[in-house]
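Asks: build me a structure from this.
(chains A and B, ligands or ions: 1)
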Amino acid sequence: MSPLPAYERPLIIRHESGLMNKFSRVQSMRPMTHLDGVAVAELMETYGSPLFVFSEKTLVERYRELRDVFSLRYPKVRIAWSYKTNYLDSIARVFHKEGAWAEVVSMFEWEKARNLGVPAEQIHFNGPYKPKAVLDEVLPAGTIIHIDHFDELAVAERVAVEKGIRPKVAIRINLTADGTPQWSRFGFNLENGQAHDAVMRILTGDRLELTGLHCHLGTFILDPDAYRQSATKMVDFANRLRQEQGITLSFIDVGGGFASHNTLKAQYLPGDQATPSFSRYAEAISDALGKLNYPPREMPTLVLETGRALVDDAGYLIATVQANKRLPDGRRALIVDAGVNVLFTSFWYKHDVVPAQEFRGVFEPTILYGPLCMNIDVVRDTLLFPPLNVGDQIVFRTVGAYNVTQWMQFITYRPAVVLISQNGQHAAIRKREDLEIVRGPEQMAPWL
Amino acid sequence: MDGHNKLRDLAVSDSGFVFDPYTGSTFSVNLTGLTILRGLKEGHGREDIVGELQTGFAAGDADYHRDLDEFVGQLRNQGLLPLDFSVER
Ligand SMILES: Cc1ncc(COP(=O)(O)O)c(C=O)c1O
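Replies: Presented below is the predicted three-dimensional model:
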């Protein structure tokens, strides 16, 4: 005889159209029993819970889609993989195999890219912190730095003199585009003439070769028109530099920032409805590039540093239900074994999460808590969710960006990361931490 | 319209989907709620329904009478029972 169902307090919930949007769309919730054809149960058995899983198929598909929709509209396109978004070796290699250059913001990321075999000349180096020791190494190697401020410019010139080289550099500029917060702390401001001053300074110093302009507007920018504005301003600036100073740029870099299929906490429509396609971004940017006053053979390369929109869709986090709880306000709570230490992006997103096995029963407002003994450990604000049992799995989708770089070793070990190949093989690309790994860098004070 | 009539006309599926033909509203009900709703539709009294909850589910430390009254309150709030309805002793 099958065991009796567990007693739950009786409950009836009216279906309201508004509720669907507020918490998620109940009708469309389907269990996700397999990832790229591999059973969640098999992955759990092999690698344990919680577990990050990446789909190589999705990584490659997203990359090719981005490349193709831009190449269709503009002939010279380069994608530089934004390391901070996900710098696991295997993930970065998938993109490099597709032809991606690297975009880095620290010596650690530069070393990681070099270690993967990326030529130094195929690395764009961003960020406000590039100390002399870093420039001493990366400039002679041929890496393209995007200069952030006048102090860095002076150091780069000094390195050029000391090493007897003429490094290729870009300047990072910031500008206003409607609907985006201005990231004015990075680079030289365009509107107040600072960017022009930086160019004049480079020309007068005559130690550096200005080859590009860079502008990263911000991240998760839902309005393609913001790129139309930023690219237009960069194009106007490039035309002016060519006309006035005879500078021919070899690239214009519009940074990253395309939205992934996630849903920001403040967003009403879910990401799969609100997020623009790559084509819409491509249209906006290529329209602007069409106004370049360059002879066809000298057109600069368009550089994209797309991060989250390439990798987010390819990442999943499987977690296991540890307990069911009823909160005083009547909401159901689930405690799962992955917290904000692992799913850092819970602070930004209403994550798309579904059960990993068939379910039945009433959808109820449910909040998902992680295992940490911390009030902030909420991995999903209230959503309508079916009842689950202890030991059931859930799958968080679209979590490939920033989590496996910004996660923290806090209270517990970080989970393993698995890659599923395009033909359904799977392998751990990062092992689960254990005491030895975490204790590794520690040393007992000699007097204790 | 008396409460029993309206209850009788509610369409209730095994999966806990409830349709109110008078208003077109739909509801979801969980298994314990389904047990109570079925009992009420068939005119069962309080002790019968509590008995069905006790035998139909893995024992918890539930207060079945309180839960039954609370659920009847939910049905009243949703307009599925008249405001003066209560389960007979
Ligand atoms: C300079 C630069 N390029 C690219 C990126 C990647 O951005 P995203 O993941 O939003 O595409 C970032 C992220 O902040 C960045 O700072």
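
Asks: which stretch of helix or strand covers residue A:30?
Replies: Here residue A:30, judged by DSSP states H and E, is contained in no helix and no strand.

Asks: how many other residues sit next to the closest residue in space to it that isn't next to it in sequence?
Replies: Nearest in space to residue A:30, with sequence neighbours left out and distances taken as C-beta to C-beta, 6 or more residues apart in numbering or on different chains, is residue A:354 at 6.7 Å. For glycine as for every other residue, the C-beta is placed from the backbone atoms N, C-alpha and C. By the measure other C-beta atoms under 10 Å in any protein chain shown, the count of residues near residue A:354 is 18.

Asks: and residue A:354, what's its pLDDT?
Replies: pLDDT for residue A:354: 97.

Asks: what do you get for residue A:26?
Replies: Residue A:26 carries a pLDDT value of 49.

Asks: quick one, strands of chain B?
Replies: B:11-12, B:17-19, B:26-29 (DSSP state E).

Asks: now do the SS call for the residue nearest to residue A:30.
Replies: strand (DSSP: H, G, I helix; E, B strand; the rest coil).

Asks: before we move on, back to that, out of the strands of chain B, the one nearest residue A:405 is which?
Replies: Nearest to residue A:405 among the strands of chain B is strand B:26-29 (40.1 Å), distances taken as C-beta to C-beta.

Asks: so which elements touch the closest one?
Replies: Under the contact definition 3 or more C-beta pairs under 8 Å, 6 or more residues apart in numbering or on different chains; DSSP states H and E, strand B:26-29 sits against strand A:12-14, strand B:17-19.

Asks: hey, least reliable of these by pLDDT?
Replies: When those are compared on mean pLDDT, strand A:12-14 scores lowest, with a mean of 85.

Asks: what residues of that strand count as buried?
Replies: Neighbour-count burial for strand A:12-14, counted by 16 or more other C-beta atoms under 10 Å in any protein chain shown, picks out A:12, A:13, A:14.

Asks: and chain B, which of its residues are near chain A?
Replies: Contact residues, chain B versus chain A (C-beta under 8 Å from any C-beta of the partner chain): B:15-16, B:18, B:25-33, B:35-37, B:53, B:56-60, B:62, B:67-68, B:70-71, B:74-75, B:78, B:80.

Asks: could you measure from residue A:399 over to residue A:210?
Replies: Per C-beta to C-beta, to the nearest Å, residue A:399 is found 39 Å from residue A:210.

Asks: an error on my part: the question was meant for residue A:190.
Replies: According to C-beta to C-beta, residue A:190 stands 15 Å off from residue A:210.

Asks: could you do residue B:18 as well?
Replies: From residue B:18 to residue A:210 the distance is 70 Å (C-beta to C-beta).

Asks: ok, and the helix or strand in chain A with the lowest average confidence?
Replies: Across the helices and strands of chain A, mean pLDDT, DSSP states H and E gives its lowest value to helix A:17-23, namely a mean of 47.

Asks: residues in contact with the helix or strand following that helix?
Replies: Per DSSP H and E, the first helix or strand lying C-terminal to helix A:17-23 is strand A:34-35. Contact with strand A:34-35 is made by A:40, A:43, A:53, A:55, A:316, A:395, A:420, as judged by C-beta atoms under 8 Å, 6 or more residues apart in numbering or on different chains.

Asks: any idea of the mean pLDDT in the helix or strand that strand A:34-35 is followed by?
Replies: As assigned by DSSP H and E, the chain's next helix or strand after strand A:34-35 is strand A:38-39. Mean pLDDT, strand A:38-39: 98.

Asks: ok, strand A:38-39: who's next to it in the sheet?
Replies: Its sheet considered, strand A:38-39 pairs with strand A:34-35 (antiparallel) by DSSP bridges.

Asks: for the helices and strands packed on strand B:26-29, give me TSV that also has distance to residue A:121.
Replies: Converted to TSV, the helices and strands packed on strand B:26-29 look like this (distance: least, C-beta to C-beta, whole Å):
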stretch	distance to residue A:121
strand A:12-14	60
strand B:17-19	63
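
Asks: of all the ones you listed, which one is nearest residue A:256?
Replies: Among those, strand A:12-14 comes nearest to residue A:256, with 41.2 Å by C-beta to C-beta.

Asks: and the contacts of the closest one?
Replies: For strand A:12-14, contacts defined as C-beta under 8 Å, 6+ apart pick out A:362-364, B:18, B:25-30, B:33, B:37, B:71, B:74-75, B:78, B:80.

Asks: switch the cut-off to 6 Å
Replies: Contacts with strand A:12-14, where a contact means C-beta atoms under 6 Å, 6 or more residues apart in numbering or on different chains, come from B:27, B:28, B:29, B:33, B:74, B:78.

Asks: ok, those vs residue A:163, which is closest?
Replies: When the contacts of strand A:12-14 are ranked by distance to residue A:163 (C-beta to C-beta), residue B:28 comes first, at 70.7 Å.

Asks: next up, the contacts around the residue nearest the centre of chain A.
Replies: Nearest to the mean C-alpha position of chain A, counting by C-alpha atoms, centre = their mean, stands residue A:308 at 2.9 Å. The contact partners of residue A:308, by C-beta under 6 Å, 6+ apart, come to A:85, A:260, A:401.
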